[in-house]
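> just to be clear, the model below is a prediction. Sequence and coordinates:
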Amino acid sequence: MSRAETTVRREDGARGPGALWTLGLLRSELTLTFRRWRTLALLAVLAAVPVLIGIAVKIETSDGSPVGGGGAEGGGPAFLTQITNNGLFLVFAALAATLPVFLPMAVGVVAGDAVAGEANAGTLRYLLVAPAGRTRLLFAKYASTLVFCLVATLVVAVSALATGALLFPLGEVTTISGTRIGFGEGLLRAVLIAAVVAASLIGLAAIGLFVSTLTHSGVAAMATTVGLLITVQILDTIPQLSVIHPYLFPHYWLSFADLLRQPVYWDEVLDNLTLQAVYAAVFGSAAWARFTTKDITA
Amino acid sequence: MAPNDSAQTTEGGDFTAGRRKAARYIVPVAVAGVAAATFGLVPALADSGDPDLPKITAQQVIEKIAASDTQQLSGTVKITTDLGIPSLGGITGSLAPKGEGDGEGSSADPQAKLMELASGTHTLRVAADGPDKQRVSILDDAAEYSLIHNAGEVWAYDSASNEAFHAEAPAGAKESAKGSGKDADQHEKLPEGVPTTPKALAEEALKAADKTTSVTVDGTAQVAGRDAYQLLIKPKQSGSTIESVRIAVDAENGVPLKFTLAPTGGGKAAVDAGFTKVDFAKPAADTFSFSPPKGAKVTEADEQQGHEKEFGKEFGKEFKGEEDLKDFEGLNVVGEGWTTVAEISSPGGAKDFKAPEKGEVPPEAEQFLDALGDKVSGEFGSGTVFKTRLVNALMTDDGKMYVGAVTQDALVRAANAAK
């Protein structure tokens, strides 16, 4: 994929203590990330979204009326109409609702803060005193951001599943192709979808990390990353720019819904994953180039 | 690089450090370059030239299509339509008053839904297993619209609204399906005459082939990984808005794989429909099984007044443009072949076709109408021409309407002749 990664791997393989170092560094990065009040607050907000959707749908349909006043198209995230029939659909609806804004925003905050936050707090210097090396530190930062992507997605999915199971019946799942699959397979697809959604965020995470190496202000990096995300999403909706749409990182985000077709339609899901990998490689190596050459003054 | 390379920026001269700094930025640039090259090259490499097939005549290609006995197939079809106007569907230029399909009808009503195919790019999944089992799905964002025909039962399901539409396939549908044999894309003949699959489109085009048309074989092509002959169909008459029709026919089993319709005006194809993936194995049986999901609102075809007729027609296999057009009162077909013009003198129930008289509408609206169309006049009087890339319409000031896939001049000629 990228030369940066192979370099890291070579280093890891070359010396035993090095690998241990990386693991230790990763562990400390993870604790740092997940112990922050800010991270926990983000996760709490993410967990609240499916609960809100679930309660709203429950209240609206408590008198027996269908969601959205009956058959009107659009309105709300996808899969909303199916929730009352099967609580599992709350997982899909919640992911469809959070993927465009909440999830990437949280990732942008964590990724943007990764390096710039340390520089801002004046701790980056001390981190580099340890003989871990900049490449490895950056790698640990990126890895912990990716773990956050996965955790954030799982928080949404699990919260949605719990809410859905509490408020609505579970059972056979109707795919969007109209055919039915068992609940077990439906659950399996939900897991797969969560994984794809988490993987959809790795491109943005790499961009955030790169931005984070450019500045000494954590807030600036977060704002830039989230601003970039919003800008790109706006570009993605302008029809005159349809030529560049397939190359924008959020373009295929909602393709995870293709996993609910029968048979699964893989084309766009694979496009999405490829695109994310390319973004991760380009901006990951750019972050590496910047971080390993810049003067650390703070 | 050394693990503790944090110190490296201070070692060596500024020159070396600067060069090393710059060198690192080559990595992201190289990665981006390789990715861009791969994105650009892979389709080019995959498109490894036209296949080398024995030369055959157009007649043989058409025979191949006719002799094709492929009953089973599944695949993905990409259809791109650019008619120059969003809501006008159909290459035969049927001008159904819009609103017929909307209203209180279910959102799963095929007629309303399939009109969407008349513009933009859509991905369809098709599957067929003999004359009794067919399925088409339109893949939307996070939703899917499926049309399933299974042994006399017709279901339509819209996952976005969780609504289903049910109808019995009209009697005799089976026989006619068997009659026309081959694969079973017939049910994809849309109510407004917008055939969606390459097969249906090919049949439609070949039907028009007579003295007015030249049909030739124009090399070979690869479609969905299969070798195909390219059939080139061109009107001999002048005045048509259709430049050419290209059909790629599978060299092995004669199934049309791709259909491209180029307008005289140039630019990109007006209709481009082709398989991106195709598989001639038997599709899984559960592909065609459907029962309305829990909580789905089911609309029976009979419940929808005035809809069963169109619906029946849709599944009534053999699409006949003229028959469809007979729905309109006072309809008259002028000319033949590619330059056929439909003359609608007093469309039933569709008064909006009539040109608004001066003073009837606010001046702003009048200006807007004038901006939409061009004023023309001839022996017939005067009227307004509304243009799209394929279909042009002439609305005369005395309330007549001439519609056809012909140029403005041809419309005026037809109007003059009718006078």
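Sure, I can see it.
> any idea how far A:A195 is from A:I53?
Distance of A:I53 to A:A195, computed by C-beta to C-beta, to the nearest Å: 21 Å. (C-beta placed from N, C-alpha, C; glycine too.)
> go on, A:N120?
Going from A:N120 to A:A195 by C-beta to C-beta gives 33 Å.
> show me what the helix or strand hosting A:T274 is packed against.
According to DSSP states H and E, A:T274 maps onto helix A:267-291. Helices and strands touching helix A:267-291, by 3 or more C-beta pairs under 8 Å, 6 or more residues apart in numbering or on different chains; DSSP states H and E, are helix A:3-14, helix A:134-167, helix A:183-200, helix A:202-214, helix B:14-46.
> after the helix or strand in which A:L95 is found, which helix or strand is next?
Using DSSP H and E, A:L95 sits in helix A:89-98. Per DSSP H and E, helix A:89-98 leads on to helix A:102-121 as the next helix or strand towards the C-terminus.
> just the residues contacting the helix holding A:L95, thanks.
A:46, A:49-50, A:53-54, A:57, A:76-80, A:82-83, A:153, A:156-157, A:159-161, A:163-164, A:167-168, A:173, A:190, A:193-194, A:197, A:254, A:256-257, A:260, B:142 (C-beta atoms under 8 Å, 6 or more residues apart in numbering or on different chains).
> what do you get for stretch A:226-243?
Here stretch A:226-243 makes contact (C-beta under 8 Å, 6+ apart) with A:100, A:104-105, A:108-109, A:112, A:204, A:207, A:211, A:244-245, A:248-251.
> what of stretch A:263-276?
Contacts of stretch A:263-276 (C-beta under 8 Å, 6+ apart): A:196, A:199-203, A:246-247, A:249, A:251-253, A:255-256, A:258-259, B:76, B:125, B:139, B:284.
> now do A:V91 against chain B, distance only.
13 Å (C-beta to the nearest C-beta, to the nearest Å).
> now that residue: closest residue in space that isn't a chain neighbour?
A:A160 (4.4 Å; C-beta to C-beta, 6 or more residues apart in numbering or on different chains).
> what pLDDT does the model give that neighbour?
In the prediction, the pLDDT value recorded for A:A160 is 95.
> looking at it, it is touching A:A48, isn't it?
No: taking contacts as C-beta atoms under 8 Å, A:A160 lies outside contact range of A:A48: 10.9 Å.
> those two: who's more crowded?
A:A160 (30 against 14; other C-beta atoms under 10 Å in any protein chain shown).
> now that one: how far from chain B?
Counting by C-beta to the nearest C-beta - A:A160 and chain B are separated by 16 Å.
> show me the contacts for that residue.
Taking C-beta under 8 Å, 6+ apart, we find A:A160 in contact with A:50, A:53-54, A:90-91, A:93-95.
> change it to 10 Å
By C-beta atoms under 10 Å, 6 or more residues apart in numbering or on different chains, the contact set of A:A160 is A:47, A:49-51, A:53-54, A:83, A:87-95, A:97-98, A:190, A:194.
> now the helix holding A:T274: buried residues?
A:268-269, A:272-273, A:275-291 (16 or more other C-beta atoms under 10 Å in any protein chain shown).
> avg pLDDT for it?
93.
> chain center to it: distance?
14 Å (C-alpha atoms, centre = their mean, to the nearest Å).
> run the angle between that helix and helix B:14-46 for me.
170 degrees (axes from the mean of the first three to the mean of the last three C-alpha atoms, to 10 degrees).
> secondary structure class for B:P292?
Here B:P292 is recorded as coil under DSSP: H, G, I helix; E, B strand; the rest coil.
> got the contact list for it?
Here B:P292 is in contact with A:174, A:178, B:108, B:155, B:157, B:162-166, B:298 (criterion: C-beta under 10 Å, 6+ apart).
> mind checking which of the contacts of helix A:89-98 are buried?
Applying 16+ other C-beta under 10 Å to the contacts of helix A:89-98 flags A:46, A:49-50, A:53-54, A:57, A:77-80, A:82-83, A:153, A:156-157, A:159-161, A:163-164, A:167-168, A:173, A:190, A:193-194, A:197, A:254, A:256-257, A:260, B:142 as buried.
> doesn't B:I247 make contact with B:P256?
Yes: contact status for B:P256 versus B:I247: in contact at 5.3 Å, counting by C-beta atoms under 10 Å.
> re earlier: looking at the contacts of stretch A:263-276, which are in helices?
A:196, A:199-200, A:202-203 (DSSP state H).
> give me every residue in the stretch 201-350 of chain B lying close to chain A.
B:276-277, B:283-284, B:286-297, B:299 (C-beta under 10 Å from any C-beta of the partner chain).
> separation between A:F148 and chain B?
Taken as C-beta to the nearest C-beta, the span from A:F148 to chain B is 23 Å.
> correct me if wrong: that residue contacts A:V110.
Yes: here A:F148 reaches A:V110: they are 4.9 Å apart, a contact under C-beta under 10 Å.
> where along the stretch 301-419 of chain B do the strands fall?
Taking DSSP state E, counting those that start in this stretch as the criterion, the stretch 301-419 of chain B carries its strands at B:331-334, B:341-344, B:374-378, B:381-387, B:392-396, B:401-404.
> could you list every helix and strand in contact with the first one?
When you say that, I think you mean strand B:331-334. Applying 3 or more C-beta pairs under 10 Å, 6 or more residues apart in numbering or on different chains; DSSP states H and E, one finds that strand B:331-334 makes contact with helix B:321-325, strand B:341-344, strand B:401-404, helix B:408-418.
> in its sheet, which strands sit next to the second one, and in what direction?
Sheet pairing here is set by DSSP bridges, and for strand B:341-344 it gives strand B:331-334 (antiparallel), strand B:401-404 (antiparallel).
> what about it, average pLDDT?
Strand B:341-344 comes out at a mean pLDDT of 82.
> how about stretch A:176-190?
Taken as a whole, stretch A:176-190 carries a mean pLDDT of 89.
> likewise for stretch B:56-67?
Stretch B:56-67 carries an average pLDDT of 76.
> C-alpha coordinates for it, PDB please?
What follows is stretch B:56-67, C-alpha atoms only, in PDB (Å, rounded to 0.1, in the frame of the first residue of the first chain):
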ATOM      1  CA  ILE B  56     -20.800 -12.200 -40.300                       C
ATOM      2  CA  THR B  57     -23.500 -10.200 -41.900                       C
ATOM      3  CA  ALA B  58     -26.200  -8.100 -40.300                       C
ATOM      4  CA  GLN B  59     -28.800 -10.700 -41.300                       C
ATOM      5  CA  GLN B  60     -26.800 -13.400 -39.400                       C
ATOM      6  CA  VAL B  61     -26.600 -11.200 -36.300                       C
ATOM      7  CA  ILE B  62     -30.400 -10.600 -36.400                       C
ATOM      8  CA  GLU B  63     -30.900 -14.300 -36.900                       C
ATOM      9  CA  LYS B  64     -28.700 -14.900 -33.900                       C
ATOM     10  CA  ILE B  65     -31.000 -12.700 -31.900                       C
ATOM     11  CA  ALA B  66     -34.100 -14.400 -33.200                       C
ATOM     12  CA  ALA B  67     -32.700 -17.900 -32.600                       C
END
